[in-house]
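Student: Any chance you could fold what I've pasted below:
(chains A, B, C and D, ligands or ions: 4)
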Amino acid sequence: MTLHGHVPPEPDLVQLLTPEGVRVHHPDFPLEITDDEICALYRDLVLVRRFDGEATALQRQGELGLWASCLGQEAAQVGAGRALRAQDMAFPTYREHGVAWCRDVDPVTLLGMFRGVSLGGWNPNENNFSLYTIVLGAQTLHAVGYAMGVARDGAVGTGEPDRDTAVLTFFGDGASSQGDVNEAFIWAAAANLPVVFYCQNNQWAISEPVERQTRVPLFQRAAGFGFPGIRIDGNDVLACLAVSRMALDEARSGQGPTLIEAFTYRMGAHTTSDDPTRYRLSEELETWKLRDPIERVRAYLIREAGVDQSFFDEIEAESERLAVRIRDACRALEDPTPLSVFDNVYVEMTDELAEQKASYAEYLGSFEAAATGGAA
Amino acid sequence: MTLHGHVPPEPDLVQLLTPEGVRVHHPDFPLEITDDEICALYRDLVLVRRFDGEATALQRQGELGLWASCLGQEAAQVGAGRALRAQDMAFPTYREHGVAWCRDVDPVTLLGMFRGVSLGGWNPNENNFSLYTIVLGAQTLHAVGYAMGVARDGAVGTGEPDRDTAVLTFFGDGASSQGDVNEAFIWAAAANLPVVFYCQNNQWAISEPVERQTRVPLFQRAAGFGFPGIRIDGNDVLACLAVSRMALDEARSGQGPTLIEAFTYRMGAHTTSDDPTRYRLSEELETWKLRDPIERVRAYLIREAGVDQSFFDEIEAESERLAVRIRDACRALEDPTPLSVFDNVYVEMTDELAEQKASYAEYLGSFEAAATGGAA
Amino acid sequence: MSTFTMAGALNAALRDRLEHDDKVVIMGMDVGKLGGVFRITDGLQKDFGEARVIDAPLGESGIIGSAVGLAIRGYRPVCEIQFDGFVYPAFDQIVSQVAKMHNRSLGQVRMPITIRIPYGGGIGAVEHHSESPEAYFAHTAGLKVVTCSNPSDAYFMLRQSIDSDDPVIFFEPKRRYWGKGPVEIAETAPLPLHQAQVVRPGNDVTLVAYGPMVATALQAAKAATEDGRDIEVIDLRSLSPIDTDTVVASAQKTGRVVVVHEASVSLGMGAEVAARLQERAFYSLQSPVLRVGGFDTPYPASRIEEEWLPDVDRILDAVERTFTF
Amino acid sequence: MSTFTMAGALNAALRDRLEHDDKVVIMGMDVGKLGGVFRITDGLQKDFGEARVIDAPLGESGIIGSAVGLAIRGYRPVCEIQFDGFVYPAFDQIVSQVAKMHNRSLGQVRMPITIRIPYGGGIGAVEHHSESPEAYFAHTAGLKVVTCSNPSDAYFMLRQSIDSDDPVIFFEPKRRYWGKGPVEIAETAPLPLHQAQVVRPGNDVTLVAYGPMVATALQAAKAATEDGRDIEVIDLRSLSPIDTDTVVASAQKTGRVVVVHEASVSLGMGAEVAARLQERAFYSLQSPVLRVGGFDTPYPASRIEEEWLPDVDRILDAVERTFTF
Ligand SMILES: Cc1ncc(C[n+]2csc(CCOP(=O)(O)OP(=O)(O)O)c2C)c(N)n1
Ligand SMILES: Cc1ncc(C[n+]2csc(CCOP(=O)(O)OP(=O)(O)O)c2C)c(N)n1
Ligand SMILES: [Mg+2]
Ligand SMILES: [Mg+2]
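Tutor: Ligands and ions are numbered 1, 2, ... in the order given. As a prediction, this is how the structure comes out:
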């Protein structure tokens, strides 16, 4: 026998809806869901994609400085987002627009930081959706700390559906290599915290394929830390919903953390500044298009659920209205005033900073004075 | 089925010599070893413990500022140390005195940093034993980088016994929670580097029991990153030698990293500044004394190998000589000169620093001038 | 008025805040049963439980990162970094998250986090146990940085730091932990956290110091009286923000200033104090603001740390140079 | 004499060193096929292979920590940090290992590591992509810190940094990457790495700048001629060590100095330059050394970054204040 003898079996991927739109049943992950509920998920998927597409367009038109598209990852995000209860908390990266949607964060709010009128600007506790975090992996430790608070508040394992609280945190295949993410695993396991780690393995970290980060499937890492990991079809909104629900339920009931690897694909560029043609083949995109997260739901609704055209027309119309609202609202986002940079650095502004603000105000005033010909 | 259903089986511990000194054979880890070789290991163990004890005594006498004793971990360290080939490289923490011994680093050299006459002061490439690293886990990434160099130098998998090179890095159960250690796992796995991660789980991180760091055996973590992990009886020098050899051989031959968890016990205080009575029961120490790493070898040599008293007397005499040499050499270690602080900051000293050195020299000189009554 | 060691005063302040606000939690390595390697949290886990005094897994980034999450959840974490040289693994979480989260949220979420760091040398320790990293944090917008020099300040400043709704890096001069001093626990109006204090009035020269160097500066001032020098000593207390007015007022009176700290001189606090003084008191200065600090080298082996660290002689040498300039 | 963009010059310098010394390896995120997000390593992996131009797993600590190990093995690693705001996860490895290993070994092991960091703002980016962390590193003994302001310096200084047997933090002003300028590749005696350069002689005031602000300072100098001000501009180039002599000589000539940088003013490079100038040129200074820099706030949202960053007007305003003082 050698230490390196073993070859791990290829993992099977939890799937409840095939790319062709056929509903399959998984012995371990039953999902009770009505066609109306699937219609609602379809609506989420379509509107999220539409919003995302508008944002990309707005960037092209110079209305946004940057956009990180979630194209192709809508199911992974909506499935997870819809598994959350109101009291649950989510800690996103910079790409979870679909989760934000499910948390009722106005899409326009998200545009602020990409337009450059703010650095985020929303209140994490308003919709229980934390601020976008750009530093890879940092948010996973915030989720751990928040979960420590949840546990200390006695909001785990009481059995009260509106009280027990879970924390869901997102990260990418690339971020899985950051020390912070692994420390988060350690903390969550050691203290058995109500955290679900949700890794969207979209196959790429900018130009680096997931093979640069790991030679085994990412979900397997959890077992090494002492909690369950599972890989799901990240383009199957039903699988994402079912498994996220189970993991969140188990977290709320005090059974501790889970790692979910949503196996998906970044269909667009990393961001609008990226040019994927430099590092990946278009064939890859073509194969993944066949696994499109929205098409399969549409196919199901038409073929199996017999949903008629009017439903799709209505959603199309709604997405048009959304697009218009977003375009107008984006352009209407106001630039902050130069002096505002001093305002939210501290809860209690320091005298130093107050002085800097005052003298800068005076300096700015001198121009107006000059402009209006008024004597300084 | 639930995600949290499974209970992992308790791991078995690779053991080749029982605490009673009985040689047992393990199907997967055969060890070809002569009684003479076991005598040599016994000598290592005794001399390392003696050196370590002298250092502790020297600290009590005020000759050292601090000492981090390896008492109880001699087998874990000697077993690993003796598995190394000359060309292999070791990256220690601050406690690997037994490994240093096997690398022919003069024990007195190690005393320098604990006496405060240096910050380490040896050349990592002289005995292929890197500098002691106090920042937890940092050295595991150094090992990874060194292994990258080894691979680039074509010193892996050639089949030439004196050319193929492995890297062995040490860390503790507590350090396993640092991001750096986990990043090291990721790098080593992704690039299939010739690194063996050797975790001495001595059950404690100062006052924190290993349960604070993990709820599953540490060796299991490796599988999650895609390389083998194994737990061995860290108080059994034969098991440590056999498994380290196998892991290092496989690393040299290009099969990649391994994590070895040497299950052992910190019999002494964390360091001479620590007071374990504040946080652990003496019963624990008593049970571990029954698994003493040296006693079992002595028992084997007497009962099974029929080694006679003269051998033990000779080693006793040698350890006496060692103790005397260490005491004298330690006291003889000279303090650096105040001006030496400027000398090894850079290979090329900056003008700035040269000026600081010059003016400080002048300042120091002014006292001598004053003392000798000489005019400045 | 009772007498405390600085360590005892810090422990009392923590105990007081734990009693006063159940959102206060303490996190760090060995802060539980052991009471911390310096015993600053001695007895707190026993009295407040493992849910409020938490022995953390051994990752500084984990400690600070989870403090951020606790703060979002409405907690008021007090983190202990075991030694100055071990704060760097948490640097990213401190600089990019703790310091910026409030700003990022446009003021909608608060980071009332206190990060306690025993710092400075002079205790004969091995590498990484004697550093003075305060300048890194004082240069970081969004953080407040303070340090105490005596048991009374230790007690009140730590309480004020924990009460602060802004993140505070609280530097504790470890070599002064066992020094005793009076603390008026009942005091209801302690000096504001970010105000400097003239701890010895004088007219000839101003010594600006903080943390461990205040005692040394006071010794120097005492010794200088023999040479007929009347030295004023200012304890900066707050490193960000700096109470510039107090320092400027003193400089305007004495015309001569020497700044003292253990950290390397280049880009240390002394640089900022000097830069501000020449901006604000240009015509009052009779000589350049001089800096006495650690040299621009790594902290040395302990056997020569006393030569490396500023001491009475090096301070007096600088004082003389402000006259013979 | 040929024309390069700064990005092209950096690429040429890397290519040159890869050819010249097979111990040189490049590591970073996306430095391979993509050629880095700024294309500085464009084409290098294609020509030198994956063993020498390495796409690293996504951990900055891993990149720098493994560079330390490579250095011990005799390699000369050149690491790319993707953006200024992402260097902090590697801060511990840089400050406690890269900076101290040579010293720890009593000079027996060398750390010829170059850490390239695109830094500074003005490119309309999101958070963490526009910061200026140079002061953290300049305060760290054991590191050398430099930055370039034009293609020629970019080319020669990067070559010199890679050749340096000491670790060098190499800051690249990302917003100047696409600016063009002449580079005399054949030049055999470039300016020494740690020497500052007077890039515009003048007699009335001295502007001290570096990296991205040099171009802005030169514009200000040009504009000032209209008000009849003859401004001297110094490109500091090296931030640690600082070429103090060059700055002092200029101050002695002009008597007035303004230091400009993007980093927050408090404890920024300007503090150190001001502190040294008043130490070395006390009687030559006609007015206080003034500092124009980022405010003591986090880098702002990009829509107002131009207001936050020093510009020609703010520099000229400070210049005037040195006269009306
Ligand atoms: C600490 C840190 N280093 C580098 C970056 C730059 N960066 C932004 S996104 C990205 C790739 C992340 O890939 P992944 O985690 O897979 O997430 P994805 O973008 O694919 O959703 C990198 C390197 C960063 N944001 N933070
Ligand atoms: C980054 C860092 N944080 C904290 C410390 C302080 N410290 C020194 S040893 C130690 C415990 C380490 O425990 P373990 O890794 O199990 O090794 P052991 O001491 O038991 O051999 C701690 C917390 C350190 N050296 N480095
Ligand atoms: Mg990805
Ligand atoms: Mg241990």
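
Student: Double-check A:Cys199 against A:Thr169; I have them as touching.
Tutor: No. At 9.6 Å, A:Cys199 does not count as touching A:Thr169 under the criterion of Cβ atoms under 8 Å. (Glycine included, C-beta is placed from N, CA and C.)

Student: which helices and strands does the one helix or strand A:Ala147 maps to pack with?
Tutor: Following DSSP states H and E, the helix or strand that holds A:Ala147 is helix A:138-152. Under the contact criterion of 3 or more Cβ pairs under 8 Å, 6 or more residues apart in numbering or on different chains; DSSP states H and E, helix A:138-152 touches strand A:89-91, strand A:167-172, helix A:179-190, strand A:195-201, helix C:60-72.

Student: residues touching the spatially most central residue of chain A, list them.
Tutor: What sits nearest the mean C-alpha location of chain A, by Cα atoms, centre = their mean, is A:Glu96, with 2.0 Å. For A:Glu96, the contact set (Cβ atoms under 8 Å, 6 or more residues apart in numbering or on different chains) comprises A:Cys70, A:Gln77, A:Gly81, A:Ala90, A:Tyr132, A:Phe170.

Student: hey, what's the fourth one bridged with?
Tutor: So the one you mean is A:Ala90. Using DSSP bridges, the beta-bridge partners of A:Ala90 come out as A:Phe129, A:Leu168.

Student: And it, what's its pLDDT?
Tutor: The model reports A:Ala90 with a pLDDT of 99.

Student: And it, how close does it get to A:Val196?
Tutor: The gap separating A:Ala90 from A:Val196 is 10 Å, by Cβ to Cβ, to the nearest Å.

Student: Also the fifth one?
Tutor: Relative to A:Val196, A:Tyr132 is positioned 19 Å away (Cβ to Cβ).

Student: what does the third one give?
Tutor: According to Cβ to Cβ, A:Gly81 and A:Val196 sit 12 Å apart.

Student: same thing with the last one?
Tutor: Taking Cβ to Cβ as the measure, A:Phe170 and A:Val196 are separated by 10 Å.

Student: swap in the first one?
Tutor: With distances defined as Cβ to Cβ, the gap from A:Cys70 to A:Val196 amounts to 19 Å.

Student: okay, the two: which has more neighbours?
Tutor: Between A:Cys70 and A:Val196, counting by other Cβ atoms under 10 Å in any protein chain shown, A:Val196 is the more crowded of the two (32 against 29).

Student: if I pick the more buried one, what's in contact with it?
Tutor: A:Ala166, A:Val167, A:Leu168, A:Thr169, A:Ser244, A:Ala247, A:Leu248, A:Ala251, A:Pro257, A:Thr258, A:Leu259, A:Ile260 are the contacts of A:Val196 under Cβ under 8 Å, 6+ apart.

Student: Format the residues you listed as a markdown table; extra columns: distance to ligand 2, neighbour count and pLDDT.
Tutor: Compiled in a markdown table, these are given as follows (distance: Cβ to the nearest ligand atom, whole Å; neighbours: other Cβ atoms under 10 Å in any protein chain shown; pLDDT from 0 to 100):
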| residue | distance to ligand 2 | neighbour count | pLDDT |
| --- | --- | --- | --- |
| A:Ala166 | 31 | 29 | 98 |
| A:Val167 | 26 | 32 | 99 |
| A:Leu168 | 30 | 28 | 99 |
| A:Thr169 | 24 | 31 | 99 |
| A:Ser244 | 35 | 25 | 98 |
| A:Ala247 | 31 | 28 | 98 |
| A:Leu248 | 34 | 26 | 98 |
| A:Ala251 | 29 | 30 | 98 |
| A:Pro257 | 23 | 33 | 98 |
| A:Thr258 | 27 | 27 | 98 |
| A:Leu259 | 25 | 27 | 98 |
| A:Ile260 | 30 | 32 | 98 |
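
Student: what does chain A have sitting close to ligand 3?
Tutor: A:Gly172, A:Asp173, A:Asn202, A:Ala205 (Cβ under 5 Å from the ion).

Student: Can you pick out the most distant pair from these?
Tutor: Pairwise distances among the residues of chain A next to ligand 3 were taken by Cβ to Cβ; the largest, 8.7 Å, belongs to A:Asn202 and A:Ala205.

Student: shared neighbours of those two, anything?
Tutor: Shared contacts of A:Asn202 and A:Ala205 (Cβ under 8 Å, 6+ apart): A:Gly172, A:Asp173.

Student: what's near enough to touch C:Arg176?
Tutor: C:Met6, C:Ser149, C:Asn150, C:Gly211, C:Pro212, C:Ala215.

Student: what's the neighbour count on the nearest residue to the third one once chain neighbours are set aside?
Tutor: Taking Cβ to Cβ, 6 or more residues apart in numbering or on different chains, and ignoring the residues beside it in sequence, C:Asn150 has C:Gly181 as its nearest neighbour in space, at 4.9 Å. Neighbourhood size, C:Gly181 [other Cβ under 10 Å]: 17.

Student: Over to the one 5 residues further on?
Tutor: Residues lying near C:Ala186 (other Cβ under 10 Å) number 7.

Student: Can you list phi and psi of it for me?
Tutor: As for C:Ala186, its main-chain torsions (degrees, to the nearest 10) stand at phi -70, psi -10.

Student: now do the one 4 residues further on
Tutor: When quoted as degrees, to the nearest 10, the phi and psi of C:Pro190 stand at phi -70, psi 160.

Student: Contacts only, for it.
Tutor: C:Phe156, C:Gln160.

Student: ok, now how distant is it from chain D?
Tutor: 25 Å (Cβ to the nearest Cβ, to the nearest Å).

Student: Kindly reformat the contacts of C:Arg176 as JSON lines containing distance to ligand 4, pLDDT and secondary structure.
Tutor: Rendered in JSON lines, the data for the contacts of C:Arg176 read as follows (distance: Cβ to the ion, whole Å; pLDDT from 0 to 100; DSSP: H, G, I helix; E, B strand; the rest coil):
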{"residue": "C:Met6", "distance to ligand 4": "30", "pLDDT": "98", "secondary structure": "helix"}
{"residue": "C:Ser149", "distance to ligand 4": "36", "pLDDT": "98", "secondary structure": "coil"}
{"residue": "C:Asn150", "distance to ligand 4": "37", "pLDDT": "98", "secondary structure": "coil"}
{"residue": "C:Gly211", "distance to ligand 4": "32", "pLDDT": "98", "secondary structure": "coil"}
{"residue": "C:Pro212", "distance to ligand 4": "31", "pLDDT": "98", "secondary structure": "coil"}
{"residue": "C:Ala215", "distance to ligand 4": "36", "pLDDT": "98", "secondary structure": "helix"}
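
Student: got TSV for these, with neighbour count and distance to D:His20 too?
Tutor: Formatted as TSV, the contacts of C:Arg176 follow (neighbours: other Cβ atoms under 10 Å in any protein chain shown; distance: Cβ to Cβ, whole Å):
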residue	neighbour count	distance to D:His20
C:Met6	28	56
C:Ser149	27	54
C:Asn150	23	58
C:Gly211	29	48
C:Pro212	27	48
C:Ala215	19	54
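
Student: which one of those residues is nearest A:Asp153?
Tutor: C:Met6 (34.1 Å).

Student: Give me the distance between the closest one and ligand 3.
Tutor: Going from C:Met6 to ligand 3 by Cβ to the ion, to the nearest Å gives 49 Å.

Student: Same check on A:Arg296?
Tutor: Taking Cβ to the ion, one finds A:Arg296 at 22 Å from ligand 3.

Student: Name the nearest residue to that residue, sequence neighbours excluded.
Tutor: Spatial nearest neighbour of A:Arg296, chain neighbours left out: A:Gly21 (4.5 Å); criterion: Cβ to Cβ, 6+ apart.

Student: Report the contact partners of the one you found.
Tutor: By Cβ under 8 Å, 6+ apart, the contact set of A:Gly21 is A:Glu295, A:Arg296, A:Val297, A:Arg298, A:Ala299, A:Tyr300, A:Ile302, A:Arg303, A:Glu304.
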